[in-house]
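*Asks:* Pasting the sequence and the predicted coordinates here, then a few questions.
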Amino acid sequence: MGAYDESYRRSLADPDGFWLDAASAISWTRPPTKVLDDSAAPLYGWFPDGELNTSYNALDRHVEAGNGDRTALIHDSPVTGTSRSYTYAELRDEVAVFAGALRSLGVGKGDRVIVYLPMVPEAVITMLACARLGAIHSVVFGGFAPKELAARIDDATPKVIVAASCGIEPTRVVEYKPIIDAALDLATQRPEKTIVLQREIAPAKLGERDLDWETAISGAAPADPVPVAATDPLYVLYTSGTTGKPKGVVRDNGGHAVALAWSMKAVYDIGPGDVWWTASDVGWVVGHSYIVYAPLLVGATTVLYEGKPVGTPDAGAFWRMISAHHVRALFTAPTALRAIKKVDPDAEELAKYDLTGFSTLFLAGERLDPETYHWAHDKLGVPVVDHWWQTETGWPIAANPRGLEPLPVKPGSATVPLPGWDVHILDGDGTRQPAGDEGSIAIKLPLPPGALPTLWGDDQRYIDNYLSRYDGYYLTGDSGYIDADGYIFVMGRTDDVINVAGHRLSTGSMEAVLAAHPAVAECAVIGVHDALKGQLPRGLVVLKAGADISPEVLQEELVAAVRRDIGPVAAFREVSVVDALPKTRSGKILRKTMRGIADGRDEPVPSTIEDPAVLESLRAILRHSD
C-alpha cells in the first residue's frame, strides 16, 4: 500500500489520530486533546479545546526559530513598475504595528474588519493584523460595486474598513473611495473608521470618518498575538455567487491552520524557504489560503502579483515572474493559461526566460480541459496538476498529492480525493453510483478540518443550502464521476448538465471536444431552451491568435467532432465565434448568466464580472436562435 492509500484510509478509519498528528505542525497556546466535536451535528467543530493564534503561527514562530531573515513575501507589480520583498521579521513587525493601529481604534477579539484593497502588501498585512488581534476579517474584492459592498457591510457589521484610494488595472485606474462612500450611503451599518492607503497615482480626498494609513500607524504600539479558541472564526468570505442576502463562508482558526499546513507539504510539496506563487487575488479563497496563510504557515516565500497573465506587459508575464523570483511552483486558474495560449499559442515568449528550478504547475478554479493541459505540459515540460475545491472547502478536495506520493496523471481528472474527504457520486435518489457513472458529487459528513463549519450568522441556511439534499452528506453542487481507479472527474456544476430530449448530457464533455480543435483558444457550451427537445447545446468559441479558418468551416468541423465523440443525441448544431467570454475576476466563465440571457431572461450583470462590456457584446448573439 502506497503512502497515499495509507494516509487516505487512515484519515477515514482513524480521523482523530490522523488529524491530531497533523496538528503537531502547529504551535498551540493550549494544545487540543479532543479532535472533533460532534455534539451539534450536522454542525461540527475541530479541536474544540485547542487555543492558538494564526498570525503567530504564520510569522512570529519562524522568527523565534531563527529564520527572521528568510524572505516571507515578494510583491511584484508590473502595473506600477515596482517590486519589494519582506523578511519574516520585517513582515511580523509591520503586522504587529498595524494590529496596534487597529487596536487603538477599538478593534478586538471577535470584531469584524472589511478589507477592500488591491494586490498590495498592505492587504496581507491587514489580514494578518486582524488575525493577530483575534478579529475577523472579511476581504471584499477591490472594485466591487457599491450595492454589493453595502450588502457585505450590513451583513458583517464591521467596526473598521481598510481600503486603498484606488486599484490599478492595465488600462485604467479604479478609484475606490467613491465606491466606499456610495456603499456607506446605501448601508444601514456604519463602521467607525475607514483607513485609507493612499496611492500616488490617484490619492483620495478623506472625510471626517477617514484615516490615512500612515497616520494610523504613526506612533501605534505593536500588538502581541491574542490567543483564540480553535473554533473561533478567522475570517468571513462571501461567495462569488451571492445574490440577495450575502452568503458568508466562515473559516475557523484551528482546523484551517492544521489543514493548510498539511496540504502545503502533502499536496504542493512546498516547505521552508521554497518560493511559491499563487497567481490569484486575496479577494478569493485561493488568495486567502494559498497567497497568505498556507505558505507562511510552513515558512515558505509567497509571491504577491499585481498584474495579469497577458497585457502587463505581454504574454510572457508569468514566465518573467517565475524566472525573476526563482519560483518553484505556480498555482493559477486554467483561464490564465488559455489567455496566454490565445495570444502566444506557440509559447514564443517562454523561450526568453530561464525557468530552471520551476518544478510544478497547479491549476484549479474551473475545469481543466485536456487541450489546455496538454499545451501547458508540452510547453513547460513540468508536471501539470489539476485539482478541485471550493470557497466553502478552503483547501483541495481532490488533487495529485505531489508531496505525499505523486500519482499518474489522467488529463481531465482532478486525480484522487485527499485524506479527510469521503467523496461519493450519488443519483437523484441518493444512491451511490458505480465507477464511471456520472452523478452529483457529495461528501460524507463530517467535512475535514479547514472546511466551513457554517455560514456567518445563519446555521439554518448552511444546513438548507448544503446539507439537506442528501442526508449525512455535503452537496458540492458539482457533477462528475469516479473511475475504476478512484480518480475523480469533475464535469461542471450540476446546473451545467442539460437535458436534450430526455438525455442528460454534460456541457463539460462537449467543451472538451471543442477545446481540442487546433484553432480554439477557449470555449463554453451552454444549454438553451428548445420547445421540441427541452434544451439544446450552444457553443461559443474564442480563436487562437493567428488562426486562419472561416466561422462556417469551424462550425462544420466542431459539429462533426461533437457528433463523433459525444454522439448525435447531443443535437449539437450551433457555434458562434466570439472575441472573448464573460468571466468573473477569478476566471470562472459566467455560463449561468449566459444561459439566462439565451433563454430570454433579463439577467443582471453579476457583481463579480471582470469586464461587463464582454457580456453586453454577447447579448445579441445569445438571444439569436435559428
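*Replies:* That came in fine, so what should we check first?
*Asks:* domain assignment for this structure?
*Replies:* According to automatic domain parsing, the chain is divided into the following domains: 3-307+387-480, 501-623.
*Asks:* Would you enumerate the residues in contact with W395?
*Replies:* W395 makes contacts with A259, L260, S263, V267, S289, A294, W389, G450, as judged by Cβ atoms under 8 Å, 6 or more residues apart in numbering. Bear in mind the C-beta positions are built from the backbone N, C-alpha and C, glycine included.
*Asks:* P170 now?
*Replies:* V79, G307, K308, G311, T312.
*Asks:* how about the nearest residue to it, chain neighbours excluded?
*Replies:* G311 (4.6 Å; Cβ to Cβ, 6 or more residues apart in numbering).
*Asks:* just for the chain, where's the confidence low?
*Replies:* Residues of the chain meeting the criterion pLDDT under 70: 1, 240-244, 495, 501-504, 624-626.
*Asks:* buried residues in the longest helix along it?
*Replies:* The longest helix of the chain (DSSP state H) is helix 88-104. Going by neighbour count (16 or more other Cβ atoms under 10 Å), the buried part of helix 88-104 is 88-103.
*Asks:* from those, which is closest to D458?
*Replies:* Using Cβ to Cβ, L102 is the member of the buried residues of helix 88-104 that lies nearest D458, at 26.4 Å.
*Asks:* how near is the closest one to T608?
*Replies:* 28 Å (Cβ to Cβ, to the nearest Å).
*Asks:* what about I195, which helix or strand?
*Replies:* strand 193-197 (DSSP states H and E).
*Asks:* tell me the angle that strand makes with helix 88-104.
*Replies:* 150 degrees (axes from the mean of the first three to the mean of the last three Cα atoms, to 10 degrees).
*Asks:* oh, and call the first residue 23 from now on, that's how I've got it
*Replies:* With 23 as the first residue, the last one maps to strand 215-219.
*Asks:* quick one: contacts of stretch 610-624?
*Replies:* Looking at stretch 610-624 with Cβ under 8 Å, 6+ apart, the contacting residues turn out to be 262, 355, 357, 387-388, 514-515, 517-518, 529, 546, 548-551, 560, 562, 603-606, 625, 628, 631, 637, 640-641, 644-645, 647.
*Asks:* again, only using 6 Å
*Replies:* With Cβ atoms under 6 Å, 6 or more residues apart in numbering as the test, stretch 610-624 has contacts from E388, A546, I548, V550, H551, L603, P604, K605, E625, P628, R641, L644.
*Asks:* So which of the residues you listed sit within helices?
*Replies:* R641, L644.
*Asks:* Narrow the contacts of stretch 610-624 to those that are buried.
*Replies:* E388, A546, I548, V550, L603, P604, K605, E625, P628, L644.
*Asks:* and the two most separated of those?
*Replies:* E388 and V550 (20.6 Å).
*Asks:* Now L206: which helix or strand?
*Replies:* In the assignment (DSSP H and E), L206 maps to helix 199-208.
*Asks:* Show me which residues of that helix are buried.
*Replies:* K199, I201, I202, D203, A205, L206.
*Asks:* Can you lay out those as TSV showing distance to A145?
*Replies:* Output for the buried residues of helix 199-208, formatted as TSV (distance: Cβ to Cβ, whole Å):
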residue	distance to A145
K199	17
I201	16
I202	15
D203	20
A205	18
L206	20
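*Asks:* which one among the residues you listed gets closest to C188?
*Replies:* K199 (7.9 Å).
*Asks:* contacting residues for the closest one?
*Replies:* S187, A226.
*Asks:* Over to the one 5 residues further on?
*Replies:* When contacts are counted by Cβ under 6 Å, 6+ apart, A204 touches P168.
*Asks:* try it again with 10 Å
*Replies:* A167, P168, K169, L171, A172 (Cβ atoms under 10 Å, 6 or more residues apart in numbering).
*Asks:* try F340
*Replies:* 299, 301, 327, 329-332, 349, 352, 354, 358-359, 361-362, 371-372, 375, 383 are the contacts of F340 under Cβ under 10 Å, 6+ apart.
*Asks:* The residues you listed in helices, which ones?
*Replies:* Using DSSP H, these in helices are A358, L359, A361, I362.
*Asks:* So the first one sits against P331, correct?
*Replies:* Meaning A358. Yes. Assessed by Cβ atoms under 10 Å, A358 is found in contact with P331 at 4.2 Å.
*Asks:* the more surrounded of those two?
*Replies:* Shown here are A358 and P331; by other Cβ atoms under 10 Å, P331 has more neighbours (24 against 21).
*Asks:* Identify the farthest-apart pair in the contacts of P192.
*Replies:* V101 and G333 (9.7 Å).
*Asks:* Now the common contact residues for the two.
*Replies:* E191, P192, T193.
*Asks:* And these, which is closest to A534?
*Replies:* P192 (30.5 Å).
*Asks:* Tell me which helix or strand the closest one sits in.
*Replies:* Here P192 is assigned to no helix or strand, by DSSP H and E.
*Asks:* Please apply the same query to L527.
*Replies:* strand 525-528.
*Asks:* Can you name the element that comes right after that strand?
*Replies:* helix 529-537.
*Asks:* any idea how far that following helix is from the chain center?
*Replies:* Taking Cα atoms, centre = their mean, to the nearest Å, the mean C-alpha location of helix 529-537 is offset from the chain mean by 23 Å.
*Asks:* helices or strands up against that helix?
*Replies:* For helix 529-537, the packing partners by 3 or more Cβ pairs under 10 Å, 6 or more residues apart in numbering; DSSP states H and E come out as helix 392-402, strand 495-504, strand 510-515, strand 519-522, strand 542-552, strand 556-565, helix 573-587, helix 613-620.
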